[in-house]
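Engineer: take this sequence and fold it.
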Amino acid sequence: MVSDAAFFLKGMLLGFSIAIPVGPIGLLCIRTTLVKGFPFGVAAGLGAATADAVYSCVAAFGITAVSAFLIKNTWPLHLLGGLFLLYLGYRFFRAVPVPVAAKVKGKGLWSAYAGTFFLTLTNPLTIVFFAAIFAGIGVGGGTVFAAGLLVIGVFVGSVLWWLFLAGLVYKFRTSFDPGKIHWMQQLAGLILAGFGILSLTALVK
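Structural biologist: Numbering: from 1, shown residues only. The predicted structure is shown next:
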């Protein structure tokens, strides 16, 4: 039982660490928190954490049919992801700055969650990453219960990072006037579009 419980801690550390690098998802979370408020930033982070948990589940439980299908179909997923990033980049660049965080609405929260969930799922090679890490951890020789704890740990660790990031951004939101937010939105839009172009150019290699 003690050894199985250690998988939860390992998964939590893994989930926390893989969420830290600032990429498209991090930019989305930061921008969403600044423009719409803390709950929306958390919702965006939860979407990414859920997608990480889905892929870690596939890797941990060895659902070979699902993983093989996703890895085999990386081309259309990368295409969708690249186009979605270009769309988000355009939306961010053209967005009008909002001086006051919007009121919390269920539909808006769901959109923030679904957007990052979809975007994270467009990188199915995440399964390969999790599979490699899990092999190093030794989950293959553990129990089903241990694998489940590992997946839950990945989700919890990822959620902790997104809560921290959204909370930090929201705490210092007053340092950003509408002009700064507008500039940051345009910069984020250009960066997201850049990620989208990189994703699309990778398809022709």
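Engineer: max-length helix in this structure?
Structural biologist: When the chain is parsed with DSSP state H, its longest helix is helix 144-171.
Engineer: stretch 170-186 - what's its average pLDDT?
Structural biologist: Per-region confidence: stretch 170-186 scores 71 on mean pLDDT.
Engineer: endpoints of that stretch, how far apart?
Structural biologist: 19 Å (Cα to Cα, to the nearest Å).
Engineer: neighbours of F40, how many?
Structural biologist: F40 has 26 neighbours, counted by other Cβ atoms under 10 Å. Using the backbone N, CA and C atoms, a C-beta is placed for each residue, glycine as well.
Engineer: quick check: angle from the helix or strand containing it to helix 144-171?
Structural biologist: Here F40 sits within helix 38-60, counting by DSSP states H and E. Going by axes from the mean of the first three to the mean of the last three Cα atoms, to 10 degrees, helix 38-60 is angled at 160 degrees with respect to helix 144-171.
Engineer: which residues of this protein fall in helices?
Structural biologist: Applying DSSP H to the chain gives helices spanning 2-19, 24-36, 38-60, 64-72, 74-94, 106-121, 126-137, 144-171, 178-201.
Engineer: between these, which gets the lowest average pLDDT?
Structural biologist: With a mean of 60, helix 64-72 has the lowest mean pLDDT of these.
Engineer: list the buried residues in the longest helix of the chain.
Structural biologist: Residues 146-163, 165-166, 169-170 are the ones in helix 144-171 that count as buried (16 or more other Cβ atoms under 10 Å).
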